[in-house]
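*Asks:* One predicted model, sequence on top.
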Amino acid sequence: MSTVQGATAAGDDAMSNGPAAKTPRRAGAFDIRTFIATLLGIYGVVLVVMGFAGTSEADLNRSDGINVNLWAGLAMVVASAVLITWAMLRPLAIPAETDSETRSEGERPTGPEDVMENDVNDERPSGQAT
C-alpha cells in the first residue's frame, strides 16, 4: 500500500515539474492600469480636497455655481476605482515560458539585442561599406 502511495506522489511530482504545470504569472504592479489608476486617484483626491477647502465664491461665480474641482476630483476617483477593479478582476497574464525555454539548441535568436550584437561582432574590414 505504501509503494502505491509513493508511486503516486512521485508521479505527482513529475507532473508538477512538467510543461503542463507552468501557469501564467500576473503582471501585478507593472500593469499599466495600476499606474494610471494610481495617478488618477492621487490627482482626484487632491481635487476633492481643493473642492472642499479651496473653493471661493469667485471660483463658483466663474463656473456658474458648479464646484468644478470637486466634481472633476470625484470623477477621477471613480475612474481610478474602476481601473483598479478591472485590473483585479481581469489581471494580465504573462506567459510562463520564455524565449530560452522554447528555442531549440541550434536556433539563433532574432531579437533587436541580437541584431546589435551581430553588428558589433561583424568580421568586415573597417574600410568596407555595407
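*Replies:* That came in fine, so what should we check first? Residues are numbered from 1 along each chain as shown.
*Asks:* Dig out what Ala93 forms beta bridges with.
*Replies:* Arg26 (DSSP bridges).
*Asks:* I'd like to know how far it sits from Tyr43.
*Replies:* As for Ala93, its distance to Tyr43 is 29 Å (criterion: C-beta to C-beta, to the nearest Å). Bear in mind the C-beta positions are built from the backbone N, C-alpha and C, glycine included.
*Asks:* How about Gly41: what's its closest non-neighbour residue?
*Replies:* Leaving aside its sequence neighbours, Gly41 sits nearest to Ser80 (C-beta to C-beta, 6 or more residues apart in numbering; 3.6 Å).
*Asks:* Just give the number of residues close to the one you found.
*Replies:* As a burial measure, Ser80 scores 21 neighbours (other C-beta atoms under 10 Å).
*Asks:* isn't it right up against Thr34?
*Replies:* No. Between Ser80 and Thr34 there is no contact under C-beta atoms under 8 Å: 10.2 Å.
*Asks:* Below-threshold pLDDT in the chain: ranges please.
*Replies:* Across the chain, the ranges flagged by pLDDT under 70 are 1-24, 28-29, 97-130.
*Asks:* Spell out the residue ranges of the helices in it.
*Replies:* 2-17, 32-53, 57-62, 68-89, 99-102, 112-120 (DSSP state H).
*Asks:* tell me the contacts of Asp31?
*Replies:* Ala87, Pro91, Leu92 (C-beta atoms under 8 Å, 6 or more residues apart in numbering).
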